[in-house]
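> Have a look at this fold, sequence not included:
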């Protein structure tokens, strides 16, 4: 099992400095982050939100694989889609104007156009919305969040074209391209 005693948080970000740790690979852990945001260990959903948040804080993405990392251990886990799930959003004021603030199930907070980007991924019949997260990872927007944001769409012009989208912190994000 993973030794979590050595995990200390960076005082500025509130996250451990996972990017500074380079332990040897220790093997695989029976832990799966499901597409619906559940974290499942040995076939059982982890019900303690604080444990899931702790694990999410030591998550590392490398060459298409996910790992839980401490200063002395690195174990591989499985992720079905995205390791983070956006469950809340709200408008906030920023120096660049009104912005959309996202909160994940694990209480990560990202501001669209400031410290994260938004895109759609998948086929035209099944596109899913994602935002960028730390270390090259991504968070999928929960269906309810996506539907709420669709109600906020406005006309936008972007380098990809014109259509309907969102504006956050002065940056436009295209959702529906004008034909």
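Good, I have the coordinates. Remember, predicted model here, so these are calculated numbers, not experimental data.
> Not counting sequence-adjacent ones, nearest residue to the residue most central in space within the chain?
Against the mean C-alpha coordinate of the chain, by Cα atoms, centre = their mean, the closest residue is residue 139 at 2.7 Å. Using Cβ to Cβ, 6 or more residues apart in numbering and skipping the chain neighbours, the partner closest in space to residue 139 is residue 84 (3.4 Å). C-beta: built from backbone N, CA, C; applies to glycine.
> How about residue 46?
Counting by Cβ to Cβ, 6+ apart, residue 46 lies nearest to residue 39, which is 4.6 Å off, once chain neighbours are set aside.
> rewinding a little: got a list of what the residue nearest to the centre of the chain touches?
Residue 139 makes contact with 82-86, 102, 104, 108, 110, 130-131, 133, according to Cβ atoms under 8 Å, 6 or more residues apart in numbering.
> Spatially, which two of those residues are the most separated?
83 and 102 (14.6 Å; Cβ to Cβ).
> Other residues contacting the helix or strand bottoming out on mean pLDDT in the chain?
Lowest by mean pLDDT, DSSP states H and E among the helices and strands of the chain is strand 171-177, with a mean of 90. Taking contacts as Cβ under 8 Å, 6+ apart, the residues outside strand 171-177 that touch it are 96, 112-113, 118-120, 150, 153, 156-158, 160-167.
> Just the buried ones from those?
When the contacts of strand 171-177 are checked for burial by 16 or more other Cβ atoms under 10 Å, the buried set is 112-113, 118, 153, 156, 163, 165-167.
> Which ones among the residues you listed lie within strands?
Among the buried ones among the contacts of strand 171-177, the members falling in strands (DSSP state E) are 118, 156, 163, 165-167.
> that older thread, then the residue nearest to the centre of the chain would be within a helix, right?
No: counting by DSSP: H, G, I helix; E, B strand; the rest coil, residue 139 is not part of a helix but strand.
> what about residue 127, how many neighbours?
Using other Cβ atoms under 10 Å, residue 127 has 13 other residues around it.
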